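1. no FASTA, just this:
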């Protein structure tokens, strides 16, 4: 059975957590085994480590190493589950997201530790779905209250959103989900895009 690797990314307060939960349920209802790989940056920040007082190579390097290990574990499990059903691995951010927070020199040096470069790190996933931050188009919904690891102002959120999207430019299956509808519409568009890539009726 096929194994799909999908990255759900985007700027701060884009709705990733809610969208991932809905997407997980929607795929499971179609008989597809899902593996959801949690965002590493949030785990690192809420553990007490901060980018404010650690060198970039230490803080972001820690995120990259942890992300790589979690992704390798997910792929190993997916190969076993695929013996019985199709599998979708949903990554809450992928390794290239780190490029938005690192100097290119440090990012490329980190990738080399795993035998990767910018292109191979980016294109190892089957599709990338970028959710645009609420700070761009749904300003009234932007908040930092629902995530202890989020501290960006709306202006900073928009800048990070742009940097994150640029990190994925060049991927053959990059989809951008903006705030042109209400949030339910945003979720439905994401589910529709994912189903379309898999070949499920929308």
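-> That came in fine, so what should we check first? This one's a predicted model, so the numbers in the text were calculated from it and none came from an experiment.

2. Mind checking what helix or strand follows the helix ranked longest in the chain in sequence?
-> Determined from DSSP state H, the single longest helix within the chain is helix 56-81. Proceeding N to C from helix 56-81, the next assigned helix or strand is strand 87-92, under DSSP states H and E.

3. ok so, going back, any idea of the mean pLDDT in the longest helix of the chain?
-> Across helix 56-81, the average pLDDT comes to 95.

4. elements contacting it?
-> Secondary structure elements in contact with helix 56-81, counted by 3 or more C-beta pairs under 8 Å, 6 or more residues apart in numbering; DSSP states H and E, are strand 3-10, strand 33-37, helix 40-46, strand 87-92, helix 104-112. (Glycine included, C-beta is placed from N, CA and C.)

5. Just the buried residues of the longest one, please?
-> The reference is to helix 104-112. If you call a residue buried by 16 or more other C-beta atoms under 10 Å, then helix 104-112 has these buried ones: 106-107, 110-111.

6. Can you name every helix or strand that whatever helix or strand comes next after it contacts?
-> Next along the chain after helix 104-112, taking DSSP H and E as the criterion, comes helix 118-123. Helix 118-123 is packed against helix 104-112, with contacts defined by 3+ C-beta pairs under 8 Å, 6+ apart.

7. what does the helix it packs on contact?
-> Residues lying outside helix 104-112 but in contact with it, judged by C-beta atoms under 8 Å, 6 or more residues apart in numbering, are 56-57, 60-61, 64, 95, 98-99, 102, 117-118, 121.

8. Please identify which pair of the residues you listed lies farthest apart.
-> 56 and 117 (19.3 Å; C-beta to C-beta).

9. Just want the most central residue of this protein.
-> residue 93 (2.0 Å; C-alpha atoms, centre = their mean).

10. give me every residue that touches that one.
-> By C-beta under 8 Å, 6+ apart, the residues touching residue 93 are 7-9, 16, 39-41, 67.

11. Residue 195 against residue 188, yeah?
-> No - counting by C-beta atoms under 8 Å, residue 195 does not reach residue 188; the two are 10.4 Å apart.

12. Disregarding flanking residues, what is the spatial nearest neighbour of residue 189?
-> residue 177 (5.4 Å; C-beta to C-beta, 6 or more residues apart in numbering).

13. how close does the one you found get to residue 129?
-> Counting by C-beta to C-beta, to the nearest Å, the separation of residue 177 from residue 129 is 6 Å.

14. what's the overlap in contacts for the two?
-> Here residue 177 and residue 129 share the contacting residues 190, 193, scored by C-beta under 8 Å, 6+ apart.

15. follow-up on the earlier one: compute the inter-axis angle for the longest helix of the chain and helix 104-112.
-> Using axes from the mean of the first three to the mean of the last three C-alpha atoms, to 10 degrees, the inter-axis angle of helix 56-81 relative to helix 104-112 is 40 degrees.

16. Many thanks, we can stop here.
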